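1. 3D, please:
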Amino acid sequence: MEKRQLGQTDMQVTVLGFGGAEIGFEGAAEETVARLLNSALDAGLNVIDTGECYEGSEELIGKTASHRRDEYYLFTKCGHPRGVGTEDWSPASLLESIERSLRRLRTDHLDLIQLHTCSESVLRKGDAIAALRTAREKGYTRYIGYSGDSLAAKYAVECGAFDTLQTSINIAEQEPLELTLPLAREREMGVIAKRPIANVAWKEQHKPIDSYHHTYWQRLSKLKYEFIHQLPLEESVARALRFTLSVPGVHTAIVGTTKPERWRQNAKMIEAGLLSEREFAAIQERWEEIAPPTWIGQT
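-> Numbering: from 1, shown residues only. A predicted model of the protein is given here:
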């Protein structure tokens, strides 16, 4: 699998990484996660990204993959210590959370710790950033990053405090192409694309039941990309994923799943490489034609 250097870090990351949200929120069985992660590592994947608030995700990763810790880069996030919907950006809470993540993940260090969708005002205050720097000084993590979108992500890039930016980039989420990525490239930040296949929100002909998918489904209903309607589902997903990986400055795309067989399928999707200039331009131009300014980043 192709690898790219993650900004100015020393990490050569595979263009596909594993996102740990689904295994936590969907309550995947330990045996399933063991088969999933070990098959992904066997296939060459070397990025595992999770978060403290993804229910049991960190524990599952620790139980099933810690014995292969030297084969992958381990990323997690902090700021929601009591689950999704809670926030605590105090330095004491952040450091306590990072220490807990290390125990859950059964490791003595992270490769990357990320502030998880905190606001621009929290970033400007500086205490949360200082806590991550302390974590780095203590040896808890090698690098620090910000995970989020829109104006907060823009400030995270501008402030110069972070090694990496994780932000939503896909066929239904192109705000970063102008708002954050040009400066991130200039400053040689590592860029991690989340939601790289737009949750495959077009896979059903009707509006998805899960509200998490509604925004992208509504956007795609207006964007009406030809390839979504012309290609079989697997091929349209591959085109969408290749679009994200073709965006200048993107180093790795985080894809989540609870299905052990999915990783080899995902890897096969990108065998064709980047989109042609014509294919990429068609998707970008359609966005520029249809998307209003209110279509901002989805956290």
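2. which residues does the residue most central in space within the chain bridge with?
-> Centroid-nearest residue in the chain, with C-alpha atoms, centre = their mean: residue 194, separated by 2.9 Å. Residues in a beta bridge with residue 194, per DSSP bridges, are residue 168.
3. quick check: it touching residue 17?
-> No - with contacts counted by C-beta atoms under 8 Å, residue 194 stays clear of residue 17, the gap being 9.7 Å. Backbone N, C-alpha and C define where each C-beta goes, glycine included.
4. joint contacts of those two?
-> Contact criterion C-beta atoms under 8 Å, 6 or more residues apart in numbering; residues shared by residue 194 and residue 17: residue 254.
5. who's sitting farthest from the centroid in the protein?
-> residue 230 (27.9 Å).
6. in the stretch 101-250 of the chain, which spans are strands?
-> Assigned by DSSP state E, counting those that start in this stretch, the strands in the stretch 101-250 of the chain fall at 110-116, 141-147, 164-168, 190-194.
7. just the CA trace of stretch 154-163, in CSV.
-> What follows is stretch 154-163 as a C-alpha-only set of coordinates in CSV (Å, rounded to 0.1, in the frame of the first residue of the first chain):
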residue,chain,number,x,y,z
LYS,A,154,-8.4,27.3,10.2
TYR,A,155,-7.1,28.8,13.5
ALA,A,156,-5.5,25.5,14.4
VAL,A,157,-3.5,25.7,11.2
GLU,A,158,-2.7,29.4,11.5
CYS,A,159,-1.6,29.3,15.1
GLY,A,160,1.4,27.0,14.3
ALA,A,161,1.0,24.9,17.4
PHE,A,162,0.1,21.6,15.8
ASP,A,163,1.9,18.9,13.8
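8. in it, what counts as buried?
-> 154-157, 161-163 (16 or more other C-beta atoms under 10 Å).
9. mind putting those residues in JSON lines, pLDDT and distance to residue 184 included?
-> Converted to JSON lines, these look like this (pLDDT from 0 to 100; distance: C-beta to C-beta, whole Å):
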{"residue": "154", "pLDDT": "98", "distance to residue 184": "10"}
{"residue": "155", "pLDDT": "98", "distance to residue 184": "12"}
{"residue": "156", "pLDDT": "98", "distance to residue 184": "9"}
{"residue": "157", "pLDDT": "98", "distance to residue 184": "5"}
{"residue": "161", "pLDDT": "97", "distance to residue 184": "13"}
{"residue": "162", "pLDDT": "98", "distance to residue 184": "10"}
{"residue": "163", "pLDDT": "98", "distance to residue 184": "11"}
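10. which helices and strands does the lowest-mean-pLDDT helix or strand in the chain pack with?
-> Least confident element among the helices and strands of the chain, by mean pLDDT, DSSP states H and E: helix 262-269 (a mean of 84). Applying 3 or more C-beta pairs under 8 Å, 6 or more residues apart in numbering; DSSP states H and E, we find helix 262-269 packed against strand 16-19, helix 30-42, helix 233-246.
11. and among those, the most buried is which?
-> Per residue and on average, the most neighbours among these fall to strand 16-19, with a mean of 26 (mean count of other C-beta atoms under 10 Å).
12. from the middle of its chain, how far away would that one be?
-> In terms of C-alpha atoms, centre = their mean, to the nearest Å, the centre of strand 16-19 is found 8 Å from the chain centre.
13. other residues contacting that strand?
-> 1, 37, 40, 45-50, 75, 192, 194, 252-256, 263, 266-267, 270.
14. mind putting the strands of the stretch 101-250 of the chain into a markdown table with mean pLDDT and distance to residue 68?
-> Output for the strands of the stretch 101-250 of the chain, formatted as a markdown table (pLDDT from 0 to 100; distance: least, C-beta to C-beta, whole Å):
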| stretch | mean pLDDT | distance to residue 68 |
| --- | --- | --- |
| strand 110-116 | 98 | 14 |
| strand 141-147 | 98 | 18 |
| strand 164-168 | 98 | 23 |
| strand 190-194 | 98 | 21 |
